[in-house]
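Participant: Task: produce atomic coordinates for the following.
(chains A and B)
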Amino acid sequence: MTVNPVAFEATAPPSPLRRAREVWRYRELLANLVRKELKVKYKNSALGFVWSLLNPALYLVVFYVVFQLVLKAGIPNFAIFLLAGLLPWNLFSTSLGSACQSIVGNASLVGKVWFPREILPLAAVGAALVHFFLQASVLLAALVVFRYAPDPAYIPVALLALVVLVVLAAALGIGLSALNVPMRDTSHLLELALLAWFWVTPIVYQYQALGDRLGEWALLNPLTPIVLSFQRAIYGEHVMEAGGSSRLGTTTTAILPDESVLWYLRNVAVLGVVSVLLLLAALWLFGKLEGDFAEEL
Amino acid sequence: MGAAVEVEEVSKRFRLHKESTSSLKERVLRIGRNPAVDFWALKDVSFDVAVGETVGLLGHNGSGKSTLLKCIAGILRPTNGRLRTVGRMAALLELGAGFHPELTGRENVYLNGSILGLSRVEVAKRFDDIVAFAELEEFIDEQVKHYSSGMYARLGFAVAVNVEPDILLVDEVLSVGDESFQRKCIDKVKSFQREGRTILVVTHAADLVRQVCDRAVVLDHGEVVTVGPPGESVRAFRETLVRKGIDPGQDRPDLRRDRGLHITDVEIVYPEEGRTVLLPGEALTVALDIAAAAPVDDVVAALEVYDQKGNRLLGTNTDLIGVDLGTVAGARRVAFRFGAVPLLDGTYDLALGLHTHDGGLEYDHREGVDSFSVMNPGRTQGTVHFPVEVEISEG
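Facilitator: Prediction:
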């Protein structure tokens, strides 16, 4: 439905900015679709949203056993460290996974009704964001249980990182959802990519373990500055004692970069600019491919 | 009046691949070679629809009419050309598209409303009307997956029409639900017309075009054959069918058939018993005996009269006459009584049919079996009997 006089120029899809405006006009639909996604997901399930809390809880147990007990990584307060990085990662990977399927999965809707289609991948990101906040309650509980205080100086950076993460997930989600229509392999490829991506991001191991050269490369991974900001704000510690009972006395190993707020902020801000540009590019790509969605589905 | 919809030289190309190749591997392997075949579903289609007008898009399956509607609705983007629509538009391409089976009727109304561009407040304001129109008061808090297909369609239609669009796009969706609901849909379409809204309806049912349209666009192979008044367009449409070697009355490939109801006998009743011919201007009754295997509630009986050259002299049906057959169970007799048959000498063939209100489903068809004859005792020549007197006066 179109409320104002609208001219479709057949050969030219609307500009990314106009697309963004259309999406804004349909924000209520976005909210409804997010609500629908959550409702449908937990309808007829006895535990409901508890399921989405069990995911980080299980990860916590598994990684604790493997890294702390078996491999003896020796990161103090490992639960807090892991959750601080795992939560933003989960937000990112669930967003991309479900956004990628969002157009193909709503084929009947896309082929029959007009509305800004970007809403579908965005709703997937929105639902993932709701899960993120639910899972954050697990983290909150862990903080209370371990009487652990986050570092307030870095909280604003983490909040900015969350915003940037959402923009980045939206950009990639929109692009992937469109690509997945003509090329259904996109979603399989994404699954593999996410698996690799998880391990190149310092989530279960500490960033400083990468060393200087690898560490610099790792900063090119857009998820690294985001995960680091979360870890710095919530986990906070940047050194740990290695080989605590060594006869040579206590040596310390760094966990997080010992840098100022500004350093973290700069990394996140650069990524923010890149993400906005990516979003515009994704909207443009989406516009190119959208015209044929109805026939490809 | 300005134009509500402007279609200017719109073309739409589809790329057809020999096999469905929607995977990356095949795409990579295919680079360089291009086995895609272009298919133009629409070729330079141009027409305007004025504000308040009801226009039919008429064509057989594959003529491009649905593609055109999807382009106008913004679902497909044309390859070339320009499209402009002015005003709030709602497309009824499929009733209840976007309903989620796990959600209740109430939740789906809100969701569907927002898909059509309504805010929560706007939906809340219309909610009671929507439920009342769909006649689903008792079931609105049930999950939609427990609905019958009729209930599903009713709710979908109710939401869409309560959006109060300036432009309504309809794609043969009026053929759903039971008869009383179909009547309600047609009534709603007519009230939309009275309110000055613009309607574009895609169909292959000539009856519907005559019933509701001001003009019709006939499409064939993606090209406009005619844009004109309903009668002219329907004729052009039939010609496109004939050119294809399809009998317009019969064997429409797009026609679904159901033999649950059939014509058992046809009786031609002349004014006096024992007569086998009619005199010009006399009364005649054509009675159809029909029988239903199981009760059928969506029935229209149609009758056509042809002369020996195949010109259709009359085509009507019970719906156009305004008679409702109700539910047909067992045997039933439908009698068409002509007060006067104004024909001269000749034998006239009858074509009789039973179909649904939208013409989408044909139960039975009988042609080339029944006929009646008229014998003209006078010497007037021609086909039609115009009663005429001669008066001579001083000039």
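Participant: what does stretch A:212-223 contact?
Facilitator: By CB atoms under 8 Å, 6 or more residues apart in numbering or on different chains, the surrounding residues in contact with stretch A:212-223 are A:88-89, A:92, A:168, A:197, A:200-202, A:207-208, A:210, A:224-225, A:257, A:267, A:271, A:274-275. In short, each C-beta sits where N, CA and C put it, glycine included.
Participant: For the stretch 1-150 of chain B, which segments count as helices?
Facilitator: Ranges of helices in the stretch 1-150 of chain B, per DSSP state H, counting those that start in this stretch, are B:24-30, B:65-73, B:105-115, B:120-134, B:149-161.
Participant: which residues sit in contact with B:A41?
Facilitator: By CB under 8 Å, 6+ apart, the neighbours of B:A41 are B:K12, B:R13, B:F14, B:G64, B:T67, B:G222.
Participant: Highest neighbour count among those residues?
Facilitator: The most crowded member of the contacts of B:A41, judged by other CB atoms under 10 Å in any protein chain shown, is B:K12 (26 neighbours).
Participant: related to what we said a few turns ago, mind putting the contacts of B:A41 into JSON lines with pLDDT and distance to B:L350?
Facilitator: Below are the contacts of B:A41 laid out as JSON lines (pLDDT from 0 to 100; distance: CB to CB, whole Å):
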{"residue": "B:K12", "pLDDT": "89", "distance to B:L350": "42"}
{"residue": "B:R13", "pLDDT": "86", "distance to B:L350": "45"}
{"residue": "B:F14", "pLDDT": "84", "distance to B:L350": "43"}
{"residue": "B:G64", "pLDDT": "87", "distance to B:L350": "34"}
{"residue": "B:T67", "pLDDT": "88", "distance to B:L350": "37"}
{"residue": "B:G222", "pLDDT": "88", "distance to B:L350": "36"}
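Participant: Which two among those residues are spaced furthest apart?
Facilitator: Taking CB to CB as the measure, the contacts of B:A41 span a maximum distance of 11.5 Å, between B:R13 and B:G64.
Participant: buried subset of the contacts of stretch A:212-223?
Facilitator: Among the contacts of stretch A:212-223, the ones that count as buried by 16 or more other CB atoms under 10 Å in any protein chain shown are A:88-89, A:92, A:168, A:197, A:201-202, A:207-208, A:210, A:224-225, A:257, A:267, A:271, A:275.
Participant: and A:L265, how many neighbours?
Facilitator: If we define neighbours as other CB under 10 Å, then A:L265 has 17 of them.
Participant: which helices and strands sit right next to the host helix or strand of it?
Facilitator: Using DSSP states H and E, A:L265 maps to helix A:261-290. For helix A:261-290, the elements it packs on are helix A:16-25, helix A:155-179, helix A:223-230, judged by 3 or more CB pairs under 8 Å, 6 or more residues apart in numbering or on different chains; DSSP states H and E.
Participant: how about a cut-off of 10 Å?
Facilitator: Packing contacts for helix A:261-290, counted by 3 or more CB pairs under 10 Å, 6 or more residues apart in numbering or on different chains; DSSP states H and E, involve helix A:16-25, helix A:78-105, helix A:155-179, helix A:223-230.
Participant: Taking helix A:261-290 as reference, get the angle to the shortest one.
Facilitator: This means helix A:223-230. 130 degrees (axes from the mean of the first three to the mean of the last three CA atoms, to 10 degrees).
Participant: can you give me the mean pLDDT across helix A:223-230?
Facilitator: Averaging pLDDT along helix A:223-230 yields 94.
Participant: Stretch B:203-211 close to chain A?
Facilitator: No: Stretch B:203-211 does not reach chain A (CB under 10 Å from any CB of the partner chain); its nearest approach is 17.2 Å.
Participant: okay, that stretch in CSV with CA atoms only?
Facilitator: Output in CSV follows, covering the C-alpha atoms of stretch B:203-211 (Å, rounded to 0.1, in the frame of the first residue of the first chain):
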residue,chain,number,x,y,z
THR,B,203,-10.0,-12.1,-14.6
HIS,B,204,-10.7,-14.5,-17.4
ALA,B,205,-14.4,-14.5,-16.5
ALA,B,206,-16.2,-12.5,-19.2
ASP,B,207,-19.3,-12.4,-16.9
LEU,B,208,-17.5,-10.5,-14.2
VAL,B,209,-16.2,-8.0,-16.7
ARG,B,210,-19.7,-7.3,-17.9
GLN,B,211,-21.0,-7.2,-14.4
